[in-house]
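Peer 1: Below: sequence and its predicted model.
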Amino acid sequence: MYSENFQKSLAAVEAARDKNIALEPARMTAQQKEDLLAQFHPDYKKEEFSELKIGANKGDKVPHELAEILQAHSRITAESVDLENPDYDVDVLVIGGGGAGSSAAIEAHEAGANVMIVTKLRIGDANTMMAEGGIQAADKPNDSPAIHFVDAFGGGHFAAKRELLRKLVCDAPEAIQWLSKLGVEFDKDADGNMITTHGGGTSRKRMHAAKDYSGAEIMRTLRDEVFNRQIPVVDFTAAIELILDDKGNAAGAVLMNMETKELYVAKAKTVVIATGGAGRMHYQGFPTSNHYGATADGLVLGYRVGANLKYAETLQYHPTGAAFPEQIFGALVTEKVRSLGAKLVNVNGEVFMHPLETRDVTAASVIRECLERGNGIDTGNGQAVWLDTPMIEKIGGEGTIEARIPAMMRMFAQYGIDIRKEPILIYPTLHYQNGGLDIDADCMTTNIKNLFVAGEAVGGIHGKNRLMGNSLLDIIVFGRTAGKSAAANAKEASVGKLTLDHIAKFEKEIEKAGIDTKTVSPKLLPNYTRKK
Amino acid sequence: MNNMVNIFLFGKKYSVPENLTIMTAMEYAGYELVRGCGCRNGFCGACATIYRIKGDRELKACLACQTKVEDNMYIATLPFFPLVKQGYDIEKIPTTEAVMMQLYPEIYACVGCNACTKSCTQGLNVMQYIAYAQRGDFEKCADVSFDCVMCGVCSSRCPAGISHPQVAMLARRINGKYLAPGCEHLENRVKEIKDGDFNELIEALMQKPIDEIKELYNTREIEK
């Protein structure tokens, strides 16, 4: 149901469809990709970054919005909290109730630890729930962990920490097996073989999926398992400050009830940060595909106690965010749409690139097509290009869309667009935080003992760009590892006297560096009320 | 400039642009949401909402993030609904209808009113999947319920007190774990990795100079 303004371009897309299906567009050379990124990828726009003046990464550049919350005041002072009488006392405190946090909690529980999850919204309100396309694992005979390694290392610009990437690819098949045994329903053929597809930048078809509800299916199963194990979940409660002991080790967190604002103290032998991403920071003014609570809280909590960040300057802009209608502006259109055969087409009906380049390259290419070449479509709310979804039905047969990407069909049908018959309009949307806290292969931060990190809050697993399907994988692999490591370390940990001295220390640094700010952090939630 | 419509949030009147969703309209009106807002993209079920258009007899249900406002819409959000979730050990449960009789016997009290299906925010045939669950046909129950976001609206309308999303969750886990065919290539690969079959290849990559890996990457063969 597109209005008159779109009809001319739509006609061109339809007229060229058969020819475009047959076309096999060339992939870009390494040099072409480099040039494209340098000119059009948002990570390369120098004026959008500022230098950190304090903390472990002093001198590094990060997006303005992130610099502001990393160098902000605490929400509390040490005096406002009674550390002597903790409200909770556990072995393992998991902060965050998404896929990584839930996996960590299940494994810590399995290892016999007394574990608790604290989450600022509900368990499952997380980017995991919204991951649509799939999860990678090299489990087919023509594939291997080594090939997976090369794909991911190259896709991330050869910047991943190799020991983390090794863990990611080598533990991948077992992660799929673990999920299957929990009851996650992967798409399989009648013989039990996984139905797998390509993602951008993969050299083997290793994308496992559960229709286009892959993350939702994983998340709801993990959540169900957390409940079955009766692991305490303290919901609508945010961690707003980490607590260290007098030896400088992580030893708990100060929590805040999101509704009543009441403060609590959680004492723990080990702490797992699994707070997820940062899409709701809207870096560079981009819309986002992320859930409501994606505000980089874990980075703030870690940074304030002195933890290192890695690659915090790199963000992922998913090439295909919904650009029309405006009600779903920025919502994710899964890469699986392209895996199934849909190509990117400009205003004139021309395919302008190979649809399965890596995400950073594809996003930059879409931006170039619109901004430099003037081949975008004006949606009334910005520029966009077509993603020609009817190709999928022509290639895979009638019914493919309903069977394989029902969520996409439903989302657009709400607004009268039948994606089986009409193409959709897309533009890049802020999707993933490539960077985060620096960890070792056991998920412990490199410089704070007993502080573990898993999931999107980690930096270094993927390097400077992430492949589709490697994030659902990393939350499981590193979530499980963090849970096991945290439980094992909790057995040996002797917690000293609790302290929040780091708050005053950080405050002094802010003052000394001459940072003039009224901002408090972590941000916890964005504010979308109308600015009058 | 968009046309304005009148909506009634919990009975109170607000004038909002007609192009907004119920969720963004609430924010436009000044609500800073904590409850009833999760993924904002139709996957998490946090924003279950019931509404009635003035003069219309029918009570409708939707996800606030996926539904446009209409003029004279009376809106009440349902940010939490007390579903019953029974605990069980996935390793030890029966995989026949006996498990339903044990954990969710109320499904056999279904009166066939179809209110669940009529209210489903995802447009699923809820009563049908409950019928499959009653019979122990968990494969079909899993299939029909697959797109469920567990918002709980169906249960809020059920005279028999059934927690449909939890029944379906159980059926899907049983189907995924026990009824779906096993995956041989996955089992094989897990074993190969445990046996160290790939150690040499991976170790070589751990040591390889960046330039050599770049060459490897840029010239790698891509499966058609």
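Peer 2: Thanks, I have it. From a predicted model like this one, the values you see are computed outputs, not experimental measurements.
Peer 1: who's in contact with residue B:14?
Peer 2: By CB atoms under 8 Å, 6 or more residues apart in numbering or on different chains, residue B:14 lies in contact with B:6-8, B:25, B:28-29. Any C-beta I mention is one placed from the backbone N, CA and C, and that applies to glycine too.
Peer 1: What's the ChimeraX line that selects buried ones from the residues you listed?
Peer 2: Under the burial definition 16 or more other CB atoms under 10 Å in any protein chain shown, those of those that qualify are selected in ChimeraX by:
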select /B:7,8,25,28,29
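Peer 1: Point out the ones among the contacts of residue B:14 that are inside strands.
Peer 2: Residues of the contacts of residue B:14 located in strands (DSSP state E): B:6-8.
Peer 1: Among the contacts of residue B:14, give me the pair with the biggest separation.
Peer 2: The largest separation in these, counting by CB to CB, is between B:8 and B:28 at 14.2 Å.
Peer 1: just the helices in the stretch 101-250 of chain A please.
Peer 2: Counting by DSSP state H, counting those that start in this stretch, the stretch 101-250 of chain A has helices at residues A:127-130, A:145-155, A:162-170, A:172-182, A:214-228.
Peer 1: Then chain B?
Peer 2: For chain B, applying DSSP state H gives helices covering B:22-29, B:98-103, B:115-119, B:126-135, B:138-145, B:153-156, B:164-174, B:184-194, B:199-207, B:210-218.
Peer 1: Make CSV from those and add mean pLDDT to it.
Peer 2: As requested, these are exported to CSV (pLDDT from 0 to 100):
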stretch, mean pLDDT
helix B:22-29, 97
helix B:98-103, 97
helix B:115-119, 97
helix B:126-135, 98
helix B:138-145, 98
helix B:153-156, 98
helix B:164-174, 98
helix B:184-194, 98
helix B:199-207, 97
helix B:210-218, 97
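Peer 1: Show me how the chain divides into domains.
Peer 2: Going with chain A. A:4-40+A:316-430, A:78-314+A:434-502 (automatic domain parsing).
Peer 1: that's the wrong chain, I meant chain B
Peer 2: B:4-77, B:98-179, B:184-216.
Peer 1: Show the backbone phi and psi for the residue nearest the centre of chain A.
Peer 2: Nearest residue to the geometric centre of chain A (CA atoms, centre = their mean): residue A:432, 4.0 Å. Torsion angles at residue A:432 (phi, psi; degrees, to the nearest 10) stand at phi -150, psi 140.
Peer 1: Pretty sure it sits against residue A:318.
Peer 2: Yes: judged on CB atoms under 8 Å, residue A:432 makes contact with residue A:318 at a distance of 7.3 Å.
Peer 1: element containing residue A:508?
Peer 2: helix A:501-512 (DSSP states H and E).
Peer 1: Other residues contacting that helix?
Peer 2: Counting by CB under 8 Å, 6+ apart, A:54-55, A:71, A:73-74, A:76-78, A:241-242, A:244, A:304-306, A:517 sit against helix A:501-512.
Peer 1: what's the answer for stretch A:521-532, then?
Peer 2: A:69-70, A:72-75, A:120, A:238, A:240, A:258, A:280-282, A:292-293, A:295-297, A:300-301, B:24, B:27-34.
Peer 1: which among these end up buried?
Peer 2: The buried subset of these - by 16+ other CB under 10 Å - is A:69-70, A:72-75, A:120, A:238, A:240, A:258, A:280-282, A:292-293, A:295-297, A:300-301, B:24, B:27-29, B:31, B:33-34.
Peer 1: hmm, back to that, send the alpha carbons of the helix holding residue A:508 over as PDB?
Peer 2: Written as PDB, here are the backbone C-alpha positions of helix A:501-512 (Å, rounded to 0.1, in the frame of the first residue of the first chain):
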ATOM      1  CA  ASP A 501      35.400   4.500  47.600                       C
ATOM      2  CA  HIS A 502      35.700   4.500  43.800                       C
ATOM      3  CA  ILE A 503      32.800   6.900  43.500                       C
ATOM      4  CA  ALA A 504      34.600   9.700  45.300                       C
ATOM      5  CA  LYS A 505      37.800   8.800  43.500                       C
ATOM      6  CA  PHE A 506      36.100   9.100  40.100                       C
ATOM      7  CA  GLU A 507      34.500  12.300  41.100                       C
ATOM      8  CA  LYS A 508      37.900  13.800  41.800                       C
ATOM      9  CA  GLU A 509      39.100  12.700  38.400                       C
ATOM     10  CA  ILE A 510      36.100  14.500  36.800                       C
ATOM     11  CA  GLU A 511      37.000  17.600  38.700                       C
ATOM     12  CA  LYS A 512      40.700  17.400  38.000                       C
END
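Peer 1: What average pLDDT does that helix get?
Peer 2: Mean per-residue pLDDT for helix A:501-512: 98.
Peer 1: Now do the buried residues in that helix.
Peer 2: Neighbour count says helix A:501-512 has A:502-503, A:506, A:509-510 buried, by 16+ other CB under 10 Å.
Peer 1: so how far is that helix off the chain centroid?
Peer 2: 30 Å (CA atoms, centre = their mean, to the nearest Å).
Peer 1: With pLDDT and distance to residue A:395 added, can I get the ones in strands among the contacts of residue B:14 in JSON lines?
Peer 2: Formatted as JSON lines, those follow (pLDDT from 0 to 100; distance: CB to CB, whole Å):
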{"residue": "B:6", "pLDDT": "98", "distance to residue A:395": "47"}
{"residue": "B:7", "pLDDT": "98", "distance to residue A:395": "43"}
{"residue": "B:8", "pLDDT": "98", "distance to residue A:395": "47"}
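Peer 1: of those, closest to residue B:41?
Peer 2: Closest to residue B:41, out of all of these and judged by CB to CB, is residue B:7, at 21.6 Å.
Peer 1: Excluding covalently adjacent residues, which one is nearest to the closest one?
Peer 2: In space, and not counting its chain neighbours, residue B:7 is closest to residue B:73: 4.8 Å by CB to CB, 6 or more residues apart in numbering or on different chains.
Peer 1: Residue B:131 now?
Peer 2: Per CB to CB, 6+ apart, closest to residue B:131 is residue B:110, 7.6 Å.
Peer 1: Confirm for me that that neighbour is in contact with residue B:160.
Peer 2: Yes: taking CB under 8 Å as the definition, residue B:110 is a contact partner of residue B:160 at 5.4 Å.
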